[in-house]
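Colleague: Structure for this input, please:
(2 chains, ligands or ions: 1)
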Amino acid sequence: MSERPLLNSTGHSTGVTEWEGTVQELQGLVSPRALTGETMLLNMGPQHPSTHGVLRLLLELDGETVVSCIPDVGYLHTGIEKSMESKTYEQAITMTDRMDYLNPMGNNLVYCLAIEKIAELDVPERAQIVRVLLAELTRINSHLVWLGTHCLDMGAMSVFLYAMREREMILDIFEMVSGQRMMSTYFRPGGLWRDVPAEFIPAVKAFMDYFPAKIEEYETLLVNNPLWIDRTQGIGVITPEDALAYGCTGPTLRGSGVNWDIRKAMPYMGYETYQFDVPLGEHGDVYDRFYIRMKELYQSVRIINQALARLEKAPAAFRSNNRKYVPPPRSELGRSMEAVIHHFKLWTEGFSLPEGEVYVSIESPRGELSCFLSSDGGNRPHRVHFRTPSYVHTMGAIPKMAKDGMLADLVGIIGSVDIVLGDCDR
Amino acid sequence: MGVAGKLGNLGVVTTTLEAAINWGRTKSMWPMLFGLACCAIEMMSTQASVYDLSRFGMELMRPSPRQSDLMIVAGRVTRKMAPVLRQLYDQMPDPKYVISMGDCASCGGIFNNYAIVQGVDEIVPVDVYVAGCPPRPEQLIHGIMTLHEKIKTQRIADWA
Ligand code: SF4
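Modeller: Now for the predicted structure:
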C-alpha cells in the first residue's frame, strides 16, 4: 500500500494523505475468484446517494449477484468518545447530540442515565414524563426521515416530501423547548435544562391530533402498493437465529419476529407504566422491517398521548434538588450564599462523579443504544463508550442480508436497516 | 406563434453578455447530492416541502459530480473523507462553486481533535461559509443567495 500526499489548490500539502490499495490486500476478505478476475470488485460509496451518508461498501459481484459485501466504515469518525474525555460531564452532553443526529434526545438520554446511575441521582416525575414524551417524538422524527429516504432510494419521491412536512412540525416543538431544531442538548443530569414552556402541551396535542391521519396516508401509499411489495417482500431476509447471532436489535431484530424491546425488557424512565405494544414481523425481509416501523409510529403516538395526560397533572419540579450535581435556580442566587457557591463550582469545574463503571441501554429508533461510562472520581469522564446499533448492523447484518442477493436490492436493504453513519462511526 | 406573437409588442431588452451568462448561472444551479453528517439532514429539509429549494431552480440534486455546479459541504470532513471530497471536487466541471455548510465544515466546529479537518477550505476553495450547528434551512438559503450575488459580479475577463 502506498501513500500519496494530498495537495490543496495552491499546491501545498494539506497534511492529509491518500491511500492507494491493490486487490492483493483484500485477500481473505473476498473470494479467491476475485483475485483471478472471475468476479468483479465494485466500489459503492462513500459518496453514493443511497448509502445514507458516507458508508463505503466493497462489493464482489458475479454478474448481478452479490458474492460478498465488505463494509468500510470510518469516513465520519469524529473522535467523539475521545473528545468527551477532555470535557466536563455537563459539557460532554453537547457531543452526544452529534453522534446519532436523527436521535439527539435519545443520545442525551442514555448519557444522562449513565451519569444518574453512577451518581445515584434522582429524576423528578415531571422530567421523566417529558423525557419519555420527547424521546418518542424523536423516534417519530427519526422514523419519518427513514421513511422519506428509504422511499427515495426505492424511487418513491412523494413520500419523502410528505414525511419531511410532518417532521418540520416536530422540529418546531423541539425548537420551542430547547431553542435548537436538531441539536437540542435538552436533557441534563438530574432532569431537564428548563421546564417546558406553556405552549408546549397545546402544540404537542395539536400535532397528535394531526399526525395519525398522516400515518394512514403513508400506509395508503405504500402498504398495498404492488410496486412497493415487489421490491421489498422476500428481499434481504435474515432468520431470527442469524439476527440474534449478528447482534441485531431494534426493528431489524423485531422484523424477524424476535420480541426484544429495551423499553419492555429493561424499562427505564418509567416505560413500564405506559401501555404500548411491540409490533413484530414474521419473515425478516425488507417489507416486514418497513411495516413494523410504520406500526411503531402508532405506538409512539399512544405513548405520547399517555405522557401528555400525565404531564398536565405532574408536580412542577423539573430537575433534582441535589445541589452537588444540579445548578440552583436563578432565584436562589440572590439570597443564599450556599447557592452561589454551588453555582460557581458547577460552572467553573463541573461536578465530579464517584469512582466506578456503569453500562445502561435504551431503545433508540434504530435499536439498542448503550453507554458505558467509567469514572476515576474526577470531573471528566475517564472513558465513555457508546454501543451504537448502526455500527453493529453495518458490520454484521448488511453483509449477511446482501450476500447472494441482487445488486439492485442492496439499496433497499441498506434503507431497511436504517443506519445513520454518525451513529456508526461517531 | 409563440407568446411574442400573441402579445405583439414585447420590445427589445438590451443587456451585456456577461450579465446574461451570470443570470443564467444563478437560475439553474445544480447542487451535488452529497451529505456528510448532521448538516446534511438540514440540507434535506431545505430541499423538501417547507423550504422548497426549487424556488431557486435547485431542486435537482445530482448524485454525480460530473453533472453538478455546486458542492454543498454539509457536515464534518474527516481525514479519511478528505481525499474523497477533493476528488469529487476535481471531477466537477467548471464553473464550480463550494458552500461550506455548518461550523464543522467551516472551521472544525466543536471537534478540535485528531479526526476532523479543521475547515474544508484546507482542501477545496470555498465561496460562501454558512455558520451554525446545524444552520437553519433559512441560513442555508441565505448562503445560496449570497453565492448568487457573488456570481452576478463575475467578469468574463477573469475566466481562466
Ligand atoms: S456543524 Fe454541527 S450539525 Fe453540522 S455537521 Fe458539524 S456537528 Fe453536525
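
Colleague: pLDDT weak spots in chain B?
Modeller: Low-confidence segments of chain B (pLDDT under 70): B:1-10, B:160.

Colleague: tell me the helices in it, going along the chain?
Modeller: B:3-7, B:17-27, B:38-47, B:82-91, B:102-107, B:137-152 (DSSP state H).

Colleague: do the same with the stretch 201-350 of chain A
Modeller: A:226-232, A:240-245, A:250-254, A:262-265, A:286-313, A:330-333, A:337-348 (DSSP state H, counting those that start in this stretch).

Colleague: In contact with the residue most central in space within chain B, which residues?
Modeller: Residue closest to the average C-alpha location in chain B (CA atoms, centre = their mean): residue B:70, at 3.9 Å. Counting by CB atoms under 8 Å, 6 or more residues apart in numbering or on different chains, residue B:70 touches B:29, B:30, B:31, B:32, B:58, B:96, B:97, B:98, B:99, B:147. No exception for glycine: its C-beta is placed from N, CA and C like everyone else's.

Colleague: and of the helices of chain B, who's closest to residue A:117?
Modeller: Closest to residue A:117 of the helices of chain B is helix B:38-47 (CB to CB; 27.3 Å).

Colleague: and the closest one, which residues are buried?
Modeller: B:38, B:39, B:40, B:41, B:42, B:43, B:44, B:45, B:46, B:47 (16 or more other CB atoms under 10 Å in any protein chain shown).

Colleague: I'd like the distance between the closest residue in space to residue B:57 that isn't next to it in sequence and the ligand.
Modeller: Once flanking residues are discounted, residue B:57 sits nearest to residue B:28: 4.2 Å by CB to CB, 6 or more residues apart in numbering or on different chains. As defined by CB to the nearest ligand atom, to the nearest Å, residue B:28 lies at a distance of 27 Å from the ligand.

Colleague: Could you do residue A:329 as well?
Modeller: 30 Å.

Colleague: That residue and residue A:345: what is the separation?
Modeller: Here residue A:329 is placed at a distance of 16 Å from residue A:345 (CB to CB, to the nearest Å).

Colleague: Please say which of these two ends up with more neighbours.
Modeller: Legend: neighbour count by other CB atoms under 10 Å in any protein chain shown for residue A:329 and residue A:345, higher for residue A:345 (16 against 11).

Colleague: Pull the number of nearby residues for the nearest residue to that one once chain neighbours are set aside.
Modeller: In this structure, residue A:345 finds its nearest non-sequential neighbour in residue A:351, 7.9 Å apart by CB to CB, 6+ apart. Around residue A:351 there are 22 other residues, counting by other CB under 10 Å.

Colleague: Could you verify my assumption that residue A:351 touches residue A:325?
Modeller: Yes - using CB atoms under 8 Å, residue A:351 is in contact with residue A:325, at 4.9 Å.

Colleague: Return every residue with contacts to both of the two.
Modeller: What both residue A:351 and residue A:325 touch, as defined by CB under 8 Å, 6+ apart, is the set A:119, A:189.

Colleague: Spell out which residues of chain B are next to the ligand.
Modeller: For chain B, the residues found near the ligand under the criterion CB under 6 Å from any ligand atom are B:37, B:38, B:39, B:75, B:76, B:102, B:103, B:104, B:109, B:133, B:134.

Colleague: OK, contacts around the fifth one?
Modeller: Residues near residue B:76 by CB under 8 Å, 6+ apart: A:76, A:78, B:36, B:37, B:102, B:104, B:105, B:108, B:109, B:111, B:116.

Colleague: Let's see that with 7 Å instead.
Modeller: A:78, B:36, B:37, B:104, B:105, B:109, B:111, B:116 (CB atoms under 7 Å, 6 or more residues apart in numbering or on different chains).

Colleague: Chain neighbours aside, what residue packs nearest to it?
Modeller: That would be residue B:104: by CB to CB, 6+ apart, it lies 3.6 Å from residue B:76.

Colleague: Let me know the pLDDT of residue A:324.
Modeller: At residue A:324, the model reports a pLDDT of 86.

Colleague: which residues sit in contact with it?
Modeller: residue A:351.

Colleague: Please tell me how far it sits from residue A:342.
Modeller: 8 Å.

Colleague: What separation is there between residue B:87 and residue B:23?
Modeller: Residue B:87 is 31 Å from residue B:23, by CB to CB.

Colleague: Wait, residue A:174 touches residue A:168, no?
Modeller: No - the criterion here is CB atoms under 7 Å, and residue A:174 misses it with residue A:168 at 10.6 Å.

Colleague: Angles on the backbone of the residue nearest to residue B:50 when sequence neighbours are not counted, please.
Modeller: Nearest non-adjacent residue to residue B:50, counting by CB to CB, 6+ apart: residue A:168, 4.7 Å away. The phi/psi pair for residue A:168 (degrees, to the nearest 10) reads phi -60, psi -30.

Colleague: what about residue A:168, how many neighbours?
Modeller: Neighbours of residue A:168 (other CB under 10 Å): 16.

Colleague: can you check residue A:372 too?
Modeller: Counted with other CB under 10 Å, residue A:372 comes out at 16.

Colleague: Now it: which helix or strand?
Modeller: strand A:367-375 (DSSP states H and E).

Colleague: ok, that strand: who's next to it in the sheet?
Modeller: Sheet pairing here is set by DSSP bridges, and for strand A:367-375 it gives strand A:356-364 (antiparallel), strand A:383-387 (antiparallel).

Colleague: So which residues make contact with the first one?
Modeller: Spelled out, that is strand A:356-364. Outside strand A:356-364, the residues touching it (CB under 7 Å, 6+ apart) are A:100, A:103, A:106, A:109-110, A:113-114, A:117-118, A:250, A:261-263, A:266, A:268, A:368-375, A:389.
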